[in-house]
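Q: Sequence first, predicted model second:
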Amino acid sequence: MENEMLIGQAEYLEVGVHIGTKVKTPGMKRFIYKVREDGLYLLDLATIDRRIKLAAKMLARYEPKEIVLTASRIYAITAATKFAEITGAKILTGRVMPGILTNPNREDYMEPELMLISDNRNEKQALKEANKTNIPVIALCDTDNWIKFVDLIIPCNNKGRRSLSLIYFLLAREFMKEKGLIKSNEEFNYKISDFEAKAEMKAK
């Protein structure tokens, strides 16, 4: 059924995929379900699920070599790298160097057809260059992210280790299904833990 969630609501809640920050940007306001007593904004689960489905469909319109992911934080790097490994997409980790999408003279110059950005606050250079070169952008956006130049927003907790691993697991699984490479969830031979950074980062 079209209305069925990609994964159980309890599993979404358990990893905190819906838990935002205490900051709300105007563009993210429409995705917020309510504010918690401690001031954290909570994102709407049904919308998160629907947007992951939409993102997978959008990604599947392209060949893997035409897709570039960006990830700057360790939790996102681990999850996005696994996605790239499974699907064949390309990935840029850490700081995105100026000119990588706009300067053909660079040795690492690339011309992707689609970008998937893990956090446009940290990866704003990629977003800026994608906009200059008219590359469509899908971005994981928390309540504190600005959404300018993003074509498809996946509202979510884009900082949490378990949240990111679940999102990239679902994106990879649904991408493979949309591409016709697997027919069912059971044929996807990976676990959510495969996308998860092995150690929690210590807060400074």
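A: Right, received. Where do you want to start?

Q: so how far is stretch 187-195 off the chain centroid?
A: Once both centres are worked out by C-alpha atoms, centre = their mean, to the nearest Å, stretch 187-195 turns out to sit 17 Å from its chain's centre.

Q: Tell me, how many residues neighbour the nearest residue to residue 106 once chain neighbours are set aside?
A: Using C-beta to C-beta, 6 or more residues apart in numbering and skipping the chain neighbours, the partner closest in space to residue 106 is residue 99 (5.2 Å). The C-beta positions use only the backbone N, C-alpha and C, and glycine is treated the same way. Neighbour count of residue 99, defined by other C-beta atoms under 10 Å: 14.

Q: One more: residue 194?
A: Using other C-beta under 10 Å, residue 194 has 16 other residues around it.

Q: pretty sure it contacts residue 82?
A: Yes: the pair residue 194 and residue 82 passes the contact test of C-beta atoms under 8 Å, sitting 5.9 Å apart.

Q: Can you name the residues that contact residue 192?
A: For residue 192, the contact set (C-beta atoms under 8 Å, 6 or more residues apart in numbering) comprises 162, 165, 166, 169.

Q: now these in CSV, with pLDDT and secondary structure?
A: Putting the contacts of residue 192 into CSV (pLDDT from 0 to 100; DSSP: H, G, I helix; E, B strand; the rest coil) gives the following:
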residue, pLDDT, secondary structure
162, 96, helix
165, 98, helix
166, 98, helix
169, 98, helix
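
Q: now the residue nearest the centre of the chain, nearest residue through space, not along the chain?
A: Per C-alpha atoms, centre = their mean, the C-alpha nearest to the average position across the chain is that of residue 140, at 4.2 Å. The shortest distance from residue 140 to any non-neighbouring residue, by C-beta to C-beta, 6+ apart, is to residue 158 (4.0 Å).
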